[in-house]
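Participant: Quick one: sequence plus predicted model below, questions after.
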Amino acid sequence: MVNAIRGFFTERGYLEVETPLRLPVPLPEAHIELFTSDGWVLQPSPETCMKRLLAEGCANIFQLCKCFRKAERGRRHLPEMTLLEWYAAGETHIDLMTSCEALVLRIARELGAGGRLAYQGRSIDLSAPWEQLTVAEAFGRFASIPVAAALAQGRFDEMMGLMIEPNLGRDRPVFLTDYPAEHASLARLKPGDPTVAERFELYIGGLELCNGFSELNNPAEQRRRFRAEQERLQAAGRAVHPLPEKFLTALADMPACAGNALGIDRLAMLFCDAGSIDEVVAFAPEEL
């Protein structure tokens, strides 16, 4: 699977990069808990340094690396995970969905899965093109309340986790798109409709596999979002780090681009028909 990934990107002219796992200052993200390492933090994703490489002139880059997220342990979660992250200058989230689809189909072909995939008792049709479903449409189809009500009641994540995600990609892969602006993360807002972000996630067999978006490269707007995240962290009684000033400075030179982060362990679950992430890693944390 990893060989297929490397072949896919190198044939398309991407440069494989390697960036540090330890960072002095993280990006403020209230939904992620961090591991500390001698006063620094272990990266939850390679985004910080990879975007600085983009600002220095690297146009198309990818990386396979270890990432660390505290308090994430379950049937589909590991505190130490393997992530594939890639960025393409001049592209948007629409381009990313196309390349993501092509990547997974390339892996399926090289692993002998062909056009169908057997996962947890279901037969999943991988034939392209894959469905694109907006978050608002998904709430209308699967949730008990509309997306606006879920946001107003602070139940967006609850509805996503319990009602929507288990129903996504059960028979065919689906890209969930147009996330509410409140959940834009580091994504650019959609031109002409600032209520949603140019962000998507891919689901196959009920598994969330990746998170991609057209990247925000406005330092002032990113600073505003980071400060809002710091306020959320402070309200939750968690550690608040200084803002990543070198990252914010680099954003001014970062070209219009799109980036995607794909969970390799979950992708292995899919192709191994594994119900638990423990089945696809050599050592679960409890075995060390």
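Facilitator: Happy to help now that I have it.

Participant: thought L23 was touching S45?
Facilitator: No: using Cβ atoms under 8 Å, L23 is not in contact with S45; the gap is 10.4 Å. All C-beta spots, glycine's among them, are computed from the backbone N, C-alpha and C.

Participant: which residue ranges form the strands in the chain?
Facilitator: 15-16, 22-23, 36-37, 40-42, 60-68, 80-89, 116-119, 122-125, 131-134, 174-180, 189-190, 193-204, 207-214, 257-263 (DSSP state E).

Participant: I'd like those strands written out as TSV, with distance to A284, mean neighbour count and mean pLDDT added.
Facilitator: What follows is these, written out as TSV (distance: least, Cβ to Cβ, whole Å; neighbours: other Cβ atoms under 10 Å; pLDDT from 0 to 100):
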stretch	distance to A284	mean neighbour count	mean pLDDT
strand 15-16	28	13	98
strand 22-23	23	18	97
strand 36-37	21	12	94
strand 40-42	18	19	96
strand 60-68	15	20	98
strand 80-89	10	21	98
strand 116-119	21	16	94
strand 122-125	25	13	95
strand 131-134	33	16	97
strand 174-180	29	22	97
strand 189-190	39	18	95
strand 193-204	23	21	96
strand 207-214	18	22	96
strand 257-263	16	23	97
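
Participant: distance of D157 from H183?
Facilitator: Using Cβ to Cβ, to the nearest Å, D157 is found at 9 Å from H183.

Participant: Those two: which is more packed in?
Facilitator: Using other Cβ atoms under 10 Å as the criterion, D157 and H183 rank with H183 on top: 16 against 11.

Participant: so who does that one touch?
Facilitator: F156, A197, R199 (Cβ atoms under 8 Å, 6 or more residues apart in numbering).

Participant: can you map out the helices along the protein?
Facilitator: Along the chain, the segments classed as helices by DSSP state H run 2-11, 47-55, 93-110, 135-142, 147-152, 156-159, 219-235, 245-251, 264-272.

Participant: Minimum distance to D125: which of those has it?
Facilitator: helix 93-110 (11.4 Å; Cβ to Cβ).

Participant: how far off strand 193-204 does that closest one point, in degrees?
Facilitator: Orientation of helix 93-110 against strand 193-204 (axes from the mean of the first three to the mean of the last three Cα atoms, to 10 degrees) gives an angle of 0 degrees.

Participant: Just the buried residues of helix 93-110, please?
Facilitator: Across helix 93-110, burial judged by 16 or more other Cβ atoms under 10 Å covers H93, L96, M97, S99, C100, E101, L103, V104, L105, I107, A108.

Participant: quick one: it to strand 257-263, angle?
Facilitator: Here helix 93-110 runs at an angle of 40 degrees relative to strand 257-263 (the same axes, to 10 degrees).

Participant: Leaving out chain neighbours, which residue sits closest to S276?
Facilitator: R75 (5.0 Å; Cβ to Cβ, 6 or more residues apart in numbering).

Participant: Show the model's pLDDT score for the one you found.
Facilitator: Note on R75: pLDDT of 93.

Participant: what residues are up against it?
Facilitator: G275, S276, I277.

Participant: swap in N3?
Facilitator: Per Cβ under 8 Å, 6+ apart, neighbours of N3: E110.

Participant: For L23, give the beta-bridge partners.
Facilitator: V41 (DSSP bridges).

Participant: do Q132 as well
Facilitator: With DSSP bridges as the rule, Q132 is bridged to F175.

Participant: picking that back up, tell me the one of the contacts of H183 nearest G57?
Facilitator: R199 (25.6 Å).

Participant: these two touch, right, that closest one and A181?
Facilitator: No: counting by Cβ under 8 Å, R199 does not reach A181; the two are 9.8 Å apart.

Participant: contacting residues around stretch 211-219?
Facilitator: Taking Cβ under 8 Å, 6+ apart as the rule, stretch 211-219 contacts 51, 87, 92-93, 96-97, 100, 184-188, 197-202, 222, 225, 248-249, 251-252, 254-261.

Participant: Just the CA atoms of that stretch, as CSV, please.
Facilitator: Provided in CSV are the C-alpha atoms of stretch 211-219 (Å, rounded to 0.1, in the frame of the first residue of the first chain):
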residue,chain,number,x,y,z
ASN,A,211,-9.6,15.7,5.6
GLY,A,212,-8.8,18.1,2.8
PHE,A,213,-9.4,21.7,1.8
SER,A,214,-8.4,24.7,-0.2
GLU,A,215,-5.9,26.3,2.1
LEU,A,216,-6.4,29.6,3.8
ASN,A,217,-3.4,31.8,3.1
ASN,A,218,-4.6,35.1,4.6
PRO,A,219,-2.4,35.7,7.7
